[in-house]
Every structure is written in structure tokens, then in C-alpha cells.
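Q: Take a look and give me a structure for this.
(one chain, ligands or ions: 1)
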Amino acid sequence: MLNSELKISICHMYPDLLNIYGDMGNILALKNRLQWRDIEVEIVEVKAGERVNYKKHDIYFIGGGQDQQQIMASLELQKNKDAIFKAALDNNSVFLAICGGYQLLGHYYQPFQGDKLSGIGLLDVYTTAGETRFIGNVTAQAKFLKKKTVVGFENHSGLTFLNKDAEPFMKVKIGHGNNGKDKTEGARNRNVFGTYLHGPLLPKNPELCDYLISLALKKKYECDIPLLKLNDDIEGFAHKDRVGAKY
Ligand code: GLN
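A: Numbers count the residues shown, from 1 in each chain. The predicted structure follows:
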């Protein structure tokens, strides 16, 4: 099968609510790294009040947001809970959720002030906000990546803890990660990934971006599709510049 016969559909969930610190850059990285390989890309936005068509998409992206926007996002995610579970667990679709979006894929997010926000429990994690905000650069390691190192930027007051059915996404080397205590960063359940790393994450971590693309292609075409190697000089410079950086 030629790449030009391939197509990946990306669902950008709640760009009107959860889209801070340049998280939109993750959509652009996925789009460009697919198109640079002559793979067709469709991007569909699902905004507040709209329904997710779980049969249609291969990758779902949810960005980060302030506590206030998370209130609405929590209500919206509940309305789409069944569709999201079908997409993730029946169809093996790829999910990437950043920070506030990540917290709401867990069981709940308890802000420092205000009512507890329900999550949908797709990730077996829970989050309670502390008094201090974790702000700064993060260097972490993902065991399933060859180069392993992942860089990003964290800005959250939420402290996330993993229960038994969630595996850590990464191990923190520099920074706080999930809670500043257990050296975990993010969480994974099959093809569902949640992380605190803004940056945006994927442009600075091309290996991770390609890993998610490979998972989405395998989910859709039910075989491993090798990805053409791209010139990642610029991405590599941006990545190396942040490895080990604190602020
Ligand atoms: N409001 C949440 C927190 O402070 C998430 C913040 C974010 O998405 N950057 O933890």
C-alpha cells in the first residue's frame, strides 16, 4: 500500500476550552509529520456541545486548561464518555491528553478551591491540587522510545497519583511530573496517553510523535507501517536545548 493511499483522522477535542501554552502545536506536529510522508490527514474539531463520532477518528487530542475551563470540559467529557471509551478500548484509537485534559481522563480533579470535577476514568488516576504550582522544564524518559528522553514544560497545581490499572507514561529525571514525589510523569492505558508536558510536547519530541503516528496507522490498517525517516535537525536542536534544563 502506498503512503498516498493512507489517511489518518485526528479529532481535536474542545479546542474552545482546553488549548493553552501552545498545545495546538501537537496537532500541527502530527499533521505535518503525516503530510511530509504523503499520508492524507483529516482534522475534525469537537467543540463544547458537539458529539464525538468514535467510529471516524484514529487519534484524539485534548489540550490543557485553567481550572475554570475545566469545569465545562468535565461536563462535556461526561456527555461523550461512552463514545470515548468505545474509541479507546474497542477501537484502540490513540489518545493524547495534556495537563488539564489529562486530569479529566482520570477519575476526578479536585482543584485547590472549588468543587471536585468528575473525570471519565479512562486512565486509572486521580488528581488533587496542592497550594504550589509546579512550573518549569521537565526532562523525562519513556521506556518504549529508542532515544528514551522526552522534554517539555509543566505548569500545574494538580498532583496526580496512579492506581493499579494505570502505568506511568514516563519517569522524571528533571522537574516534578505527576506529583513531585514518585518520579512518575503522565499515565498510559493501551493507546491512551496523558501527560503534564506542554511545550508543545510533540514538536520537540519527534520520536514520540512518530510513535503515536505508528500506533494510529497500526490501529487503522492492522499492520506495522514503516515511517519514512525525516530530517529532524531542527526538532533535534530544540530537543537537545531543553534536555536537563530547569527554567
Ligand atoms: N488547571 C489544572 C492545574 O492547575 C491544569 C493546568 C494546565 O492544563 N496547564 O493543575
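Q: and this protein, which residues reach the ligand?
A: Selection of the chain residues close to the ligand by C-beta under 6 Å from any ligand atom yields 20, 64-67, 70, 99-100, 129, 155-158. The C-beta positions use only the backbone N, C-alpha and C, and glycine is treated the same way.
Q: Which residue comes closest to the residue in the chain that the ligand sits nearest to once chain neighbours are left out?
A: Relative to the ligand, the nearest point of the chain is G64 (2.7 Å; C-beta to the nearest ligand atom). Using C-beta to C-beta, 6 or more residues apart in numbering and skipping the chain neighbours, the partner closest in space to G64 is C99 (3.3 Å).
Q: could you measure the one you found against F161, distance?
A: Separation of C99 from F161 (C-beta to C-beta, to the nearest Å): 16 Å.
Q: ok, these two, which is more surrounded?
A: It is C99, of C99 and F161, that has more neighbours when counted by other C-beta atoms under 10 Å, with 29 against 16.
Q: give the contact list for that one.
A: With contacts taken as C-beta atoms under 8 Å, 6 or more residues apart in numbering, C99 has the following neighbours: 21, 23, 63-65, 154-156, 158, 195-198.
Q: Write a PyMOL command that selects only the buried members of those.
A: Burial among the contacts of C99 is assessed by 16 or more other C-beta atoms under 10 Å; the matching PyMOL selection reads:
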select buried, resi 21+23+63+64+65+154+156+158+195+196+197+198
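Q: Tell me which residues touch the residue most central in space within the chain, please.
A: Residue closest to the average C-alpha location in the chain (C-alpha atoms, centre = their mean): L96, at 2.5 Å. Residues near L96 by C-beta under 8 Å, 6+ apart: N26, I59, Y60, F61, I62, F193, G194, T195, L201, L202, L212.
Q: Try it again at 10 Å.
A: Neighbouring residues of L96 by C-beta atoms under 10 Å, 6 or more residues apart in numbering: 10, 23, 26-27, 30, 59-63, 102, 186, 191-195, 201-202, 208-209, 212.
Q: before we move on, what SS does it have?
A: Using DSSP: H, G, I helix; E, B strand; the rest coil, the structure places L96 in strand.
Q: give me the element the residue nearest to I174 when sequence neighbours are not counted is part of.
A: Excluding the flanking residues, the one nearest I174 by C-beta to C-beta, 6+ apart is T139, at 4.0 Å. Counting by DSSP states H and E, the element that carries T139 is strand 125-141.
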